[in-house]
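Asks: Following is a predicted model, sequence given first.
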Amino acid sequence: MGMSYRFEFDRVNRILRASIEGAIADEEISIFRTDTAKLVSEAKPSSCIVDLSQTKQYDISSANIRVLAKSAPAVPGISILVVVVAPSTHMFGLTRMFQITSEETRPWFRVVKSSKEAYELLRAESPSFEPVPEDAEARKKMWGIANTDQ
């Protein structure tokens, strides 16, 4: 079973949430980063949650974690708080390694063990997430971007 993910958005708190399921492997991370960067650029959320609660395997090598940590952020010039929910000890440890290694390039990156902790850190009361539509026009409506011809 490979990696799958879905994006949701909380309009009130402007939080973009990416929930990853299955097994995360080195080769799939770059696709996920690209998809996430596109939505962050479009939505301009106030923060982002990456939820690993439904992730069954975390097969990312520590070498690749160090390479990713030293690379430029996926969305240059945008420094929103990114909170990773990593409930298992193994995922939490590897994600903390990423956080520590990337402190210079990502001072806004955090890792917690539960969604509750993430919501508290983001000061989000009663977040309500809706699936992010595939259609670009529907996404613009979700983000609250006016449909103007420029």
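Replies: Thanks, I have it.

Asks: Dead centre of this protein: give me the residue that sits there.
Replies: Among the residues of the chain, the one closest to the centroid is residue 50, at 3.5 Å (C-alpha atoms, centre = their mean).

Asks: who does the helix or strand hosting that one pair up with?
Replies: Element membership of residue 50, judged by DSSP states H and E, is strand 47-59. Paired strands of strand 47-59, with direction, are strand 15-25 (parallel), strand 81-85 (parallel) (DSSP bridges).

Asks: I'd like the next helix or strand past it.
Replies: Next element after strand 47-59 (DSSP H and E): helix 62-70.

Asks: buried residues in that next one?
Replies: 65, 68, 69 (16 or more other C-beta atoms under 10 Å). C-beta coordinates here come from the backbone N, C-alpha and C atoms, glycine included.

Asks: Packing partners of the helix or strand bottoming out on mean pLDDT in the chain?
Replies: Ranked by mean pLDDT, DSSP states H and E, the helix or strand of the chain with the weakest confidence is helix 62-70, at a mean of 84. For helix 62-70, the packing partners by 3 or more C-beta pairs under 8 Å, 6 or more residues apart in numbering; DSSP states H and E come out as helix 26-43, helix 89-101.

Asks: out of those helices, which comes closest to residue 143?
Replies: Proximity to residue 143 (C-beta to C-beta) singles out helix 26-43 among these, at 4.6 Å.

Asks: picking that back up, got a list of contacts for the least confident helix or strand of the chain?
Replies: Applying C-beta atoms under 8 Å, 6 or more residues apart in numbering, the contact partners of helix 62-70 are 26, 29, 94, 97, 98, 101, 102, 105, 106.
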